[in-house]
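K.L.:
Okay, here's the prediction I keep looking at, along with the sequence it came from:
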Amino acid sequence: MVPPTQPIQAPSIDQGESTAVAGQLVELAAQLTVRLRLDVAYDGTDFSGWASQPGRRTVQSSLEEALAMVLRIPQPKLTVAGRTDAGVHARGQVCHVDLPHDALGAGGPRALTRRLARLLPTDLRVVCIAPVPDNFDARFSAVWRRYAYRVCDNPAAADPLTRNHVLVWPRHLDEKAMNAAAQHLLGEHDFAAFCKRRQGATTIRTLRELAWSREGDSLTARVIADAFCQRMVRSLVGCLIAVGERRQLVDWPLEVLSALRRDPGVFVVPARGLALEEVGYPGNTELGTRAWDARAVRGPKEIRADACGVSDLRPRTQT
């Protein structure tokens, strides 16, 4: 005879265990985060730079406080492509932030952009917000940064409406001489002579482009590198201005570079003429590799003679 089948009984879960499991699921959901890329623009005139500083108005603290208020979450931490100094502007700054997935709400990133616009001051805007892969890093995934420095070399023609964005220079500048001098600085070098030193930080950079263009009385320096040291762009511009007004010869910037130390003849131009225009990133499949490579500290023996190849001079399209 076939023994009668016994009914299968499900394991019993009391109400306390059920409540605990539900609580764990809620906690797990809260821990899930989404990484967002923020494209940011700001007038740096009234900011003490990007980085948060106690008791000072900075771009980072203003953005982090606004995000916390809009989303009703603890103040998040932003990672930025370039930590601009006090008075430096940005049209194409990029940063990323990790937020709880459920904090965005039904409207998603576009709704968050609109809500931030209502709260942020008029000299700071989040232009665009978009989800990005977890291995995207605004700082270390970047392959190049592009800055512009603007000068007017005719004080009588200076526009008073741009006084916080353009350096007015009292003497005429020879842009051809400045461009000739700039050619000596392209490539991968130790730019210690043009940087404010920080302990443990390398000053080796790859300068891909440094070129002046003129339109009437206005000159613009276009500067592209893989990354920049503190005050590097402003020091390079000041060095070339000395050539442009014939106080120094065309070969002098190369002499300064080779000395590997600050030269008292190099004038660090004011911050107001400088703006971060754009940051370039590779495609999503290369983000992790680029971030890993960028974290490696380069030493003098690693400088490559061919670091400024023709293909490297063309900024890659952002993706």
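P.N.:
Thanks, I have the structure now.

K.L.:
Strands along the chain, start to end?
P.N.:
In the chain, the segments counted as strands under DSSP state E are 33-42, 79-80, 89-100, 124-131, 144-152, 167-168, 187-190, 204-215, 218-225, 274-280.

K.L.:
Pop the domain breakdown of this protein in here.
P.N.:
31-131, 144-286+297-313 (automatic domain parsing).

K.L.:
pLDDT on the shortest one, on average?
P.N.:
Averaging the model's pLDDT scores along domain 31-131 yields 96.

K.L.:
before we move on, the earlier item: out of the domains of the chain, nearest to Ala138?
P.N.:
Nearest to Ala138, of all the domains of the chain, is domain 31-131, at 4.3 Å by C-beta to C-beta. Bear in mind the C-beta positions are built from the backbone N, C-alpha and C, glycine included.

K.L.:
any idea how far the closest one is from the chain center?
P.N.:
Centroid separation for domain 31-131 versus its chain: 13 Å, with C-alpha atoms, centre = their mean, to the nearest Å.

K.L.:
where in the stretch 151-300 of the chain is pLDDT low?
P.N.:
The stretch 151-300 of the chain contains residues with pLDDT under 70 at 284-300.

K.L.:
can you give me the helices for it?
P.N.:
175-182, 232-244, 252-259, 287-295 (DSSP state H, counting those that start in this stretch).

K.L.:
neighbouring contacts of stretch 184-198?
P.N.:
Residues outside stretch 184-198 that contact it (C-beta atoms under 8 Å, 6 or more residues apart in numbering): 203-210, 229-232, 235-236, 239, 250-251, 253-254, 256-257, 259-263, 266, 300, 303-305, 307-308.

K.L.:
before we move on, the earlier item: dump the domains of the chain to TSV, plus distance to Ala138.
P.N.:
Formatted as TSV, those follow (distance: least, C-beta to C-beta, whole Å):
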stretch	distance to Ala138
domain 31-131	4
domain 144-286+297-313	8
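
K.L.:
Of these, which is nearest Asp137?
P.N.:
domain 31-131 (6.5 Å).

K.L.:
Which residues are in contact with the closest residue to Arg214 other than its chain neighbours?
P.N.:
Distances taken as C-beta to C-beta, 6 or more residues apart in numbering put Glu175 closest to Arg214, at 5.0 Å, once the chain neighbours are dropped. Glu175 is in contact with Trp212, Ser213, Arg214, Leu219, Gly244, counting by C-beta under 8 Å, 6+ apart.

K.L.:
Out of those, which end up buried?
P.N.:
Restricting the contacts of Glu175 to buried positions leaves Trp212, Leu219, Gly244, with burial counted as 16 or more other C-beta atoms under 10 Å.

K.L.:
And Arg110, how far from Tyr281?
P.N.:
From Arg110 across to Tyr281, the span is 21 Å (C-beta to C-beta, to the nearest Å).

K.L.:
Please say which of the two ends up with more neighbours.
P.N.:
Neighbour count, other C-beta atoms under 10 Å: between Arg110 and Tyr281, Tyr281 has more, with 23 against 11.

K.L.:
Touching, that one and Ala142? I think so.
P.N.:
Yes. Using C-beta atoms under 8 Å, Tyr281 makes contact with Ala142 at a distance of 5.9 Å.

K.L.:
Could you find the closest non-adjacent residue to Leu254?
P.N.:
His184 (3.9 Å).

K.L.:
ok, how many other residues are close to the one you found?
P.N.:
18.

K.L.:
do the one 5 residues further on as well
P.N.:
Neighbour count of His189, defined by other C-beta under 10 Å: 23.

K.L.:
so it bridges to which residues?
P.N.:
Arg205 (DSSP bridges).

K.L.:
What of Asp98?
P.N.:
Beta-bridge pairing for Asp98 (DSSP bridges): Arg35.

K.L.:
Right, I'll call it a day here.
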